[in-house]
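Q: sequence first, predicted model second:
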Amino acid sequence: MKILCKSETLIVDLNNKIWPCCWLLTDRSQSSYLKKLEEQNPDWNDITKHSMEIILKHDAFEKHFNTEGWESDSCDPVCIEECKTLD
């Protein structure tokens, strides 16, 4: 399976949280990774509590929602649903 991310920019929601794309913002209930992450630390991506540098160094951005995560056995279901290619 190959993921070709359709997102070209980060998304900032009305609660000042940074998301990798609009699909993860609007459909994050489908992501067990994000559900667990938000249970453990609901402010992990809050730009009013953390710098952009800190947020982008979070494992969510550095390991999960990128090529490393897409090529792993635990590719996020939202990424598969929205950005899977036919290759």
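A: Right, received. Where do you want to start?
Q: tally of neighbours for Pro77?
A: Other residues within reach of Pro77 by the criterion other C-beta atoms under 10 Å amount to 13. C-beta coordinates here come from the backbone N, C-alpha and C atoms, glycine included.
Q: isn't it right up against Arg28?
A: No - using C-beta atoms under 8 Å, Pro77 is not in contact with Arg28; the gap is 10.7 Å.
Q: next SSE downstream of the top helix by length along the chain?
A: Secondary structure assigned by DSSP state H gives helix 32-40 as the longest helix of the chain. Using DSSP states H and E, the helix or strand that directly follows helix 32-40 along the chain is helix 52-56.
Q: tell me which helix or strand comes right after that following helix.
A: As assigned by DSSP H and E, the chain's next helix or strand after helix 52-56 is helix 59.
Q: that following helix: how far from the chain's middle?
A: 10 Å (C-alpha atoms, centre = their mean, to the nearest Å).
Q: that one - what's its average pLDDT?
A: When pLDDT is averaged along helix 59, the result is 95.
Q: in the chain, which ranges drop under the pLDDT threshold?
A: Applying pLDDT under 70 to the predicted model, the residue ranges of the chain that meet it are 87.
Q: go again with 80.
A: Scanning the chain with the threshold set as pLDDT under 80 gives 1, 86-87.
Q: what's near enough to touch Leu34?
A: Leu34 is in contact with 24, 28, 60, 76, counting by C-beta atoms under 8 Å, 6 or more residues apart in numbering.
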